[in-house]
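Asker: sequence and predicted model, in that order:
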Amino acid sequence: MTDYLLKRLAQVVPTLVFVSMLIFGLQQLLPGDPAKILAGEEQDPSVIAHLREKLHLDEPLPLRYAFWVGGVLKGDFGESIRTQQPVLELVLQKLPVTIQLGTMAFVIALVIGIPTGIVAAVGRGTWWDNVANAVALWGISTPNFWLGILLILLFSVQLGWLPASGYVSPFEDLKANLASMIMPAFVLGNALAAVLMRHTRSAMLQVLSSDYVRTARAKGLSERSVVLKHALRNALTPVITLGALELGTLLSGAVLTEQVFTIPGFGKLIVDSVFNRDYAVVQGVVLVTATTYILLSLLADLAYFVVNPRLQA
Amino acid sequence: MSAVLATPAASAAIAPASPGRRAWRRLLHRRPAMIALAIVIVFIALALFAPWIAPHDPVATSWGAIRKAPSAAHWFGTDEIGRDVLSRVVFGTRASLLAGVVSVSISLLLGVPIGLVAGFAGGFADALISRLTDAFLACPFLILAIALAAFLGPSLTNAMIAIGVSATPIFVRLTRAQVIHVKVEDYVEAARALGNPPWRIALRHVLPNVTAPLIVQATLAIAAAVIAEASLSFLGLGQQPPEPSWGSMLNTAKNYVDQAPWMAVWPGLAIFALVLAFNLLGDGLRDALDPRQV
């Protein structure tokens, strides 16, 4: 276990270093003088001079990277050109909203994806399997911002059941919070549900044809018991791990979902920053997203290792 | 005797079909894939012949026809400044297909050679390329594409570059994995024993044998690129107005969903149909190109 952990951690460190280089490198794509671009439309000479000094633009590139990464390691991701707020503070302000949205979407994806995958595998080649596959294809092929607009049209405009946009904190009014988040969460979870369904179906088909399931059937156990107690338990392990690796897709999807439903989360922060040419915030958001994803992947791998005794042997 | 000595014509008739032809025959037997191929061909025709198919100029405004519901004059209705939605959907096919094909070509042109080097050379080059690929893959696809498009500036060209670069690591990883698998095959060993230089072995013997999964992945990647272009245009980072794009049409449509829902229905349906077609075609190609299916 320790060897595996050390080996996996040893892989994470260079990946994080390369991620930081990649994100730092984004700044080099800006045409012209970064200080002038980062200073915004006002082009205040004092701001330009301040940025030049702060970003060490007169230093060679490797040294600039060293200063930048040194700041990041101390929690200094730079500051927003627009609000003068530290980037980390902005990100941490918006993160809880996206975490709530992502968690709700993940739960919805599990609730839809896993039972549909089981039904498709158990009834392989039947009408149920075809319906489940069609649902999965729908989920994978539907742009979530379009689904969001269609749901607003149905549930907000036509039926008037749910608010079309906006966000209420759960600490202010839990009911209003859930009402404002259920549609975006469904939209975000839709594609992940399709992916989980496909993984579950494939894992269940593999497990259902294994020897121990045949033995369980030969012992006279009911089909329900064979499927739910024997097969599902073993099939779910890789599904959950693969599902955790899809969390990056949720973060990408959150950008669009938050835009459609005007939710003031992490995704809306990056889009607003792009249009305000607030590049430090864009870099900060990408860095936090990538680091979160790397750590989640590490946790997923470790969880898989812990629950799979064959890997420990 | 005549039964043993076959004529050249007869031997040609019994000669085994090429792998490509066999795969095509298997694909022909997959109805969903063939329907998907037909849909893709229809969209390609729409893109190529848009000026002759679209009933109106896609950027011509008409203040007398603002947000008109679908009618005989405007089959898909009109938008917030009186432009014909059908004509914009037809012309929007160009941006989506172009983005799909160009960005996947960028990914292939970058990803395949890098993956080939990593898989074939191994050692330090492989370790370095693999860690770099991991770094790219750690940034969620759309977020990286948004960041790249933001730093490069909003335009369809930059969106295609951003999508292509963001999707490259998948092709690097896939090519590398396939090359590692193929390079230990007997025929590669034989080519090496005959004294072929490494570059020749990589290009002439390894590369042709890793193309099948790359074709499948490229087809599925076009579907992802179409959604990504629509997403970037929806956010204002892709095709710029007034040029039509399905994503930017949806961005405008969301503000008028209660007054003119048709503005949202048709471009979304077009994205869905094209993406579904590429996904089904990719699934069909996977089955047809996988020899284990035989």
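Answerer: Cool, got the structure.
Asker: checking the residue in the stretch 151-294 of chain B positioned nearest to chain A next. Helix, strand or coil?
Answerer: In the stretch 151-294 of chain B, the residue found nearest to chain A is residue B:268; the distance is 3.5 Å by CB to the nearest CB. From N, CA and C alone the C-beta is placed, and that goes for glycine too. Classification of residue B:268 by DSSP: H, G, I helix; E, B strand; the rest coil places it in helix.
Asker: doesn't residue B:251 make contact with it?
Answerer: No - using CB atoms under 8 Å, residue B:268 is not in contact with residue B:251, being 11.4 Å away.
Asker: what sits up against stretch A:68-79?
Answerer: Residues external to stretch A:68-79 that are found in contact with it (CB atoms under 8 Å, 6 or more residues apart in numbering or on different chains): A:20, A:24, A:54-55, A:85-88, A:91, A:280, A:283-284, A:287.
Asker: what average pLDDT does the helix or strand containing residue A:94 get?
Answerer: In the assignment (DSSP states H and E), residue A:94 maps to helix A:87-122. Per-residue pLDDT over helix A:87-122 has a mean of 91.
Asker: and that helix, which residues are buried?
Answerer: Of the residues in helix A:87-122, A:87-88, A:90-91, A:94-95, A:97-98, A:100-102, A:104-106, A:108-110, A:112-114, A:116-122 count as buried by neighbour count, 16 or more other CB atoms under 10 Å in any protein chain shown.
Asker: with stretch B:67-74 instead?
Answerer: Going by 16+ other CB under 10 Å, stretch B:67-74 has these buried residues: B:68, B:74.
Asker: cool, stretch A:275-285 as well?
Answerer: Buried residues in stretch A:275-285, defined by neighbour count with 16+ other CB under 10 Å: A:277-285.
Asker: can it be found next to chain B?
Answerer: Yes - using CB under 8 Å from any CB of the partner chain as the criterion, contacts between stretch A:275-285 and chain B involve A:275, A:279, A:282-283, A:285.
Asker: which of those residues sit farthest apart?
Answerer: For these, with distances taken as CB to CB, the pair at the greatest spread is A:275 and A:283 (15.5 Å).
Asker: run the chain-centre distance for the longest helix seen in chain B.
Answerer: Of all the segments assigned as helix in chain B under DSSP state H, the longest by residue count is helix B:85-121. When distances are taken as CA atoms, centre = their mean, to the nearest Å, helix B:85-121 is centred 6 Å away from the chain's centroid.
Asker: for the record, mean pLDDT for it?
Answerer: Averaged over helix B:85-121, pLDDT sits at 95.
Asker: could you do stretch A:304-313 as well?
Answerer: Averaged over stretch A:304-313, pLDDT sits at 67.
Asker: would you mind measuring from the residue lying closest to residue A:284 once chain neighbours are set aside to chain B?
Answerer: For residue A:284, ignoring the flanking residues on the chain, the nearest one in space by CB to CB, 6 or more residues apart in numbering or on different chains is residue A:87 at 3.6 Å. According to CB to the nearest CB, to the nearest Å, residue A:87 stands 14 Å off from chain B.
Asker: for residue A:87, give me its contacts.
Answerer: Residue A:87 makes contact with A:77-80, A:280-281, A:283-284 under the criterion CB under 8 Å, 6+ apart.
Asker: might one say that residue A:177 is in contact with residue A:169?
Answerer: Yes - at 6.4 Å, residue A:177 counts as touching residue A:169 under the criterion of CB under 8 Å.
Asker: between the two, who's got more neighbours?
Answerer: residue A:177 (16 against 13; other CB atoms under 10 Å in any protein chain shown).
Asker: so is residue B:61 in a helix, a strand, or just coil?
Answerer: Assigned state for residue B:61: coil (three-state reduction, three-state DSSP).
Asker: disregarding residues adjacent in the polypeptide, which is nearest to it?
Answerer: Distance criterion CB to CB, 6+ apart; nearest residue to residue B:61, sequence neighbours excluded, is residue B:81 at 4.4 Å.
Asker: could you do residue A:194 as well?
Answerer: With CB to CB, 6+ apart as the criterion, residue A:194 has its nearest non-adjacent residue at 2.7 Å, and that residue is residue A:139.
Asker: in terms of secondary structure, what does the strand or helix carrying that neighbour contact?
Answerer: Residue A:139 belongs to helix A:127-141 when elements are defined using DSSP H and E. On a contact count with 3 or more CB pairs under 8 Å, 6 or more residues apart in numbering or on different chains; DSSP states H and E, helix A:127-141 meets helix A:87-122, helix A:174-208, helix B:262-289.
Asker: could you dump those helices into JSON lines with distance to residue B:170 added?
Answerer: Below are the helices and strands packed on helix A:127-141 laid out as JSON lines (distance: least, CB to CB, whole Å):
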{"stretch": "helix A:87-122", "distance to residue B:170": "22"}
{"stretch": "helix A:174-208", "distance to residue B:170": "15"}
{"stretch": "helix B:262-289", "distance to residue B:170": "13"}
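Asker: which one of those helices lies nearest to residue B:143?
Answerer: Using CB to CB as the criterion, the shortest distance between residue B:143 and those is 11.8 Å, found for helix A:87-122.
Asker: tilt between that closest one and helix A:127-141?
Answerer: Taking axes from the mean of the first three to the mean of the last three CA atoms, to 10 degrees, helix A:87-122 and helix A:127-141 form an angle of 160 degrees between their directions.
Asker: and helix A:87-122 with helix A:174-208, angle?
Answerer: 50 degrees.
Asker: how about the residue in the stretch 51-200 of chain A positioned nearest to chain B, what does it touch?
Answerer: Closest residue of the stretch 51-200 of chain A to chain B, CB to the nearest CB: residue A:146 (3.5 Å). Taking CB under 8 Å, 6+ apart, we find residue A:146 in contact with B:250, B:264, B:267-268, B:271-272.
Asker: swap the cut-off to 10 Å and go again
Answerer: For residue A:146, the residues meeting the contact criterion (CB atoms under 10 Å, 6 or more residues apart in numbering or on different chains) are A:187, A:256, A:260, B:227, B:230, B:234, B:246-247, B:250, B:253-254, B:264-265, B:267-272.
Asker: pLDDT weak spots in the chain?
Answerer: I'll assume chain A. When residues are selected by pLDDT under 70, those of chain A lie in A:1, A:31, A:307-313.
Asker: that's the wrong chain, I wanted chain B
Answerer: Residues of chain B that meet the criterion pLDDT under 70 lie in B:1-16, B:290-294.
Asker: which stretches of it form helices?
Answerer: In order along the chain, chain B carries the following helices (DSSP H): B:8-14, B:19-28, B:31-48, B:50-53, B:85-121, B:123-138, B:141-152, B:156-182, B:186-193, B:198-200, B:211-234, B:246-253, B:262-289.
Asker: switch those over to a markdown table; also include mean neighbour count and distance to residue A:243.
Answerer: Rendered in a markdown table, the data for the helices of chain B read as follows (neighbours: other CB atoms under 10 Å in any protein chain shown; distance: least, CB to CB, whole Å):
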| stretch | mean neighbour count | distance to residue A:243 |
| --- | --- | --- |
| helix B:8-14 | 8 | 50 |
| helix B:19-28 | 14 | 31 |
| helix B:31-48 | 16 | 26 |
| helix B:50-53 | 13 | 41 |
| helix B:85-121 | 23 | 25 |
| helix B:123-138 | 18 | 17 |
| helix B:141-152 | 25 | 17 |
| helix B:156-182 | 23 | 19 |
| helix B:186-193 | 12 | 37 |
| helix B:198-200 | 11 | 41 |
| helix B:211-234 | 25 | 19 |
| helix B:246-253 | 26 | 28 |
| helix B:262-289 | 22 | 20 |
